[in-house]
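Enquirer: quick one: sequence plus predicted model below, questions after.
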Amino acid sequence: MAKDYTLSKSSYIKGLQCEKQLYLYKHFYDTQDKYSEMQLAIFRKGTSTGILAQSLFSEGTDASSSSHFLYKEGIEKTNALMQNQNQTIYEASFLFDELLIIADIVVKHGDLINVYEVKSTTSVSDVILNDAAIQYHVITNAGYKINDFFIIHINKNYVRDGELDINSLFVIKSVKNKIKSLQKNVRSNIIRFNNVLNQDKAPQMDIGPHCTNPYSCGFIGTCWKEIPEYSVFNIAGLSQEKKFDLYYKGITELKNIPREYSLTPLQWLQVNSELNNEKIIKRNEIKTFLSGLRYPLHFLDFESFQPAVPLFNKSKPYQQIPFQFSLHVQEREDSPLKHYEFLCEPGIDPRTKLADALIPLINAGGSVVVYNKIFEVNILNKIAVDFPEYLEDIEKILNCIIDLMEPFQKRYYYSPDLKGSYSIKSVLPSLVPELSYSRLAIKEGGEASLFYEQLWIEEDYRKIESVKESLLRYCELDTLAMVKIVERLKELI
């Protein structure tokens, strides 16, 4: 096999998921789907967590190569450092039988080494064990004696109190016995994957649940190109098992679903709406929903981010930290809208400042309208738990929450252009086409989180102000969208 197609632990994991993915990744790398900003952010979190975990070990030496393509440089650095009697190495490279792995942390004491693989997850999955198993295979066959093999992952129960406690933030778990039991499979998998890579063309593999499990494949655009843009895979609430059951029966278009096929009433509503090109408007149900709204109306939306490493006291890994809100208030049906907004400066805990800004703006007795209430409810509940002084005021807000998603989730209103979705990003252009997220720099909540995190490290004043403005306009549109959707629902009845 040519050295260009040397297996690595990442390509090995891809092969376990799908041999076709492995082949395309190695032979047609440039044709894979473009990474989203969210995917890139996940990669960055993993890298930063790995660097932080290095502080658990003193006086380590970085053996990484100057470029991803110069892997031999990393191997040479590692080999030189492994000559020392006692040595801690970060990013240690090992090669055996044209299979390259890079171990996050290696600690050598005499003839024995301990290997540490760092993950930004909060548990040890089968994928992580397979990752560790391939490393064990390469390192031991390269001639080194592994005393133990550990996974370092984030402790989901850690609550920050004062300075960051690295030893409490991370869990160090031995997996040596588990990965030793996988070694027979590792050897057979390597042979199989090498045979796949030496073929003249990609293996014939149909699409299936493996396309997104355990990770979303980078070649979905290639393998799914024959699937219609609107297909059985867009039926809301339909299990993956049933979606692929239809697909394996040769059914991808909604018009070909047998009438006797087992779908729920709401799923048939979606299918029939598409086939008949008709809107569903259940006026009585919409009227009942709207009758539950009490003035003054407060249209509320939060934005949050989830740092893997807790930045603030009374916070845990991956906790949703709200940093922004937009609030449109309408005192009476005929009164003008008032808009309020809050965006916390980066570098400080935004939670109490957000609560202090929000609570005085909510008038008792008026409805608090949100879209997908589970998010806002969880945010408010967590503030109340972490800061009990806000409990009474937050409970008042919680008791007034109305979920505007309900009439769309329950299909009181449905249009073929929704294509099974009831997200606000789909509902808005269907009901209020003159409003759109397309012209905004930020188009969805995940991007808002990324933009806010950029503020923590950005030094250019103009960029900082530009990002702030983008965040404010995005969040404002979320609440204005709710205002306009309610207005449109009133017109429908």
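Expert: Here it is on my side, so go on.
Enquirer: could you list the buried residues of the helix or strand hosting Asn189?
Expert: In this assignment (DSSP states H and E), Asn189 forms part of helix 183-197. The neighbour-count check on helix 183-197 (16 or more other C-beta atoms under 10 Å) flags Val186, Asn189, Ile190, Phe193, Asn194, Val196, Leu197 as buried. C-beta: built from backbone N, CA, C; applies to glycine.
Enquirer: got a list of contacts for it?
Expert: 1, 5, 7, 11-12, 15-16, 19, 22-23, 26-27, 97, 99, 133-134, 136-137, 203 (C-beta atoms under 8 Å, 6 or more residues apart in numbering).
Enquirer: residue boundaries of the strands in the protein?
Expert: 7-8, 61-62, 86-96, 99-109, 112-118, 145-154, 170-174, 280-281, 297-305, 321-330, 338-343, 368-370, 401-403, 413-414 (DSSP state E).
Enquirer: let's have these in TSV, adding mean pLDDT.
Expert: Output for those, formatted as TSV (pLDDT from 0 to 100):
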stretch	mean pLDDT
strand 7-8	91
strand 61-62	96
strand 86-96	96
strand 99-109	96
strand 112-118	98
strand 145-154	98
strand 170-174	99
strand 280-281	98
strand 297-305	98
strand 321-330	98
strand 338-343	98
strand 368-370	99
strand 401-403	98
strand 413-414	98
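Enquirer: which one, of the ones you listed, ends up nearest to Lys72?
Expert: Taking C-beta to C-beta, strand 86-96 is the member of those nearest to Lys72, at 8.3 Å.
Enquirer: now Trp268: how far from Tyr248?
Expert: 21 Å (C-beta to C-beta, to the nearest Å).
Enquirer: meant to ask about Phe305
Expert: For Phe305, the distance to Tyr248 - C-beta to C-beta - is 40 Å.
Enquirer: when these two are compared, which one has more neighbours?
Expert: Phe305 (22 against 11; other C-beta atoms under 10 Å).
Enquirer: excluding chain neighbours, give the residue nearest to that one in space.
Expert: Ser449 (4.1 Å; C-beta to C-beta, 6 or more residues apart in numbering).
Enquirer: and if you look at Ala364?
Expert: Excluding its sequence neighbours, the residue lying closest to Ala364 (C-beta to C-beta, 6+ apart) is Lys396, at 6.3 Å.
Enquirer: that neighbour: how many residues sit nearby?
Expert: 14.
Enquirer: could you do Thr122 as well?
Expert: For Thr122, using other C-beta under 10 Å, the count is 16.
Enquirer: now for it: which residues touch it?
Expert: His153, Ile154, Asn155, Lys156, Pro317, Tyr318.
Enquirer: what score does the fifth one have for pLDDT?
Expert: When you say that, I think you mean Pro317. On pLDDT, Pro317 comes in at 98.
Enquirer: and it, how far is that from Tyr158?
Expert: 6 Å.
Enquirer: what touches both of those two?
Expert: Common contacts of Pro317 and Tyr158 (C-beta under 8 Å, 6+ apart): Leu169, Pro310.
Enquirer: the two - which one has more neighbours?
Expert: Pro317 (23 against 20).
Enquirer: I'd say the residue nearest to Ala364 and Ile362 touch.
Expert: Yes. Using C-beta atoms under 8 Å, Lys396 is in contact with Ile362, at 7.4 Å.
Enquirer: the helices in the stretch 301-450 of the chain, which residues?
Expert: Listed in chain order, the helices found in the stretch 301-450 of the chain under DSSP state H, counting those that start in this stretch are 351-358, 373-386, 391-398, 406-409, 424-431, 445-455.
Enquirer: quick revisit: buried among the contacts of helix 183-197? Make that a ChimeraX selection.
Expert: Buried residues among the contacts of helix 183-197 (16+ other C-beta under 10 Å), as a ChimeraX selection:
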select :5,7,11,12,15,16,19,22,23,26,99,133,134,136,137
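Enquirer: contact partners for Pro346?
Expert: Per C-beta under 8 Å, 6+ apart, neighbours of Pro346: Tyr452, Leu455, Trp456.
Enquirer: just the buried residues of those residues.
Expert: Tyr452, Leu455.
Enquirer: quick one on the thing from earlier: so which of the strands of the chain is nearest Ala384?
Expert: Using C-beta to C-beta, the strands of the chain put strand 321-330 closest to Ala384, at 12.5 Å.
Enquirer: strands paired with that closest one, and their directions?
Expert: Strand 321-330 sits in its sheet next to strand 297-305 (antiparallel), strand 338-343 (antiparallel), going by DSSP bridges.
Enquirer: tell me the angle the longest one makes with helix 391-398.
Expert: Per axes from the mean of the first three to the mean of the last three C-alpha atoms, to 10 degrees, the angle that strand 297-305 makes with helix 391-398 is 110 degrees.
Enquirer: quick one, strand 297-305 and helix 424-431 angle?
Expert: 140 degrees.
Enquirer: check what contacts strand 297-305 and list those residues.
Expert: Taking C-beta under 8 Å, 6+ apart as the rule, strand 297-305 contacts 320-330, 354, 358, 361-363, 366-371, 375-376, 379, 400, 445, 448-449, 452-453, 471, 474-475, 478-480, 482-483, 486.
Enquirer: repeat that for the last one.
Expert: With contacts defined as C-beta under 8 Å, 6+ apart, strand 338-343 is touched by 323-331, 353-354, 357-358, 361, 468, 471-472, 475-476, 479-480.
Enquirer: which of those count as buried?
Expert: Here, 16+ other C-beta under 10 Å leaves 323-330, 354, 357-358, 468, 471-472, 475-476, 479-480 buried among these.
Enquirer: pairing partners for the residue nearest to Asp62 when sequence neighbours are not counted in the sheet, please.
Expert: In this structure, Asp62 finds its nearest non-sequential neighbour in Tyr90, 4.7 Å apart by C-beta to C-beta, 6+ apart. Taking DSSP bridges as the rule, Tyr90 bridges to Asp62, Ile105.
Enquirer: repeat that for the one 4 residues further on.
Expert: Bridge pairing for Phe94 (DSSP bridges) gives the partners Ile101.
Enquirer: I'd like to know how far Lys173 sits from Phe149.
Expert: 10 Å.
Enquirer: just Arg192 next, same as before
Expert: 24 Å.
Enquirer: returning to that earlier point: show me what contacts the residue nearest to Asp62?
Expert: Tyr90 touches Gln54, Gly60, Thr61, Asp62, Ala63, Ser64, Asp104, Ile105, counting by C-beta under 8 Å, 6+ apart.
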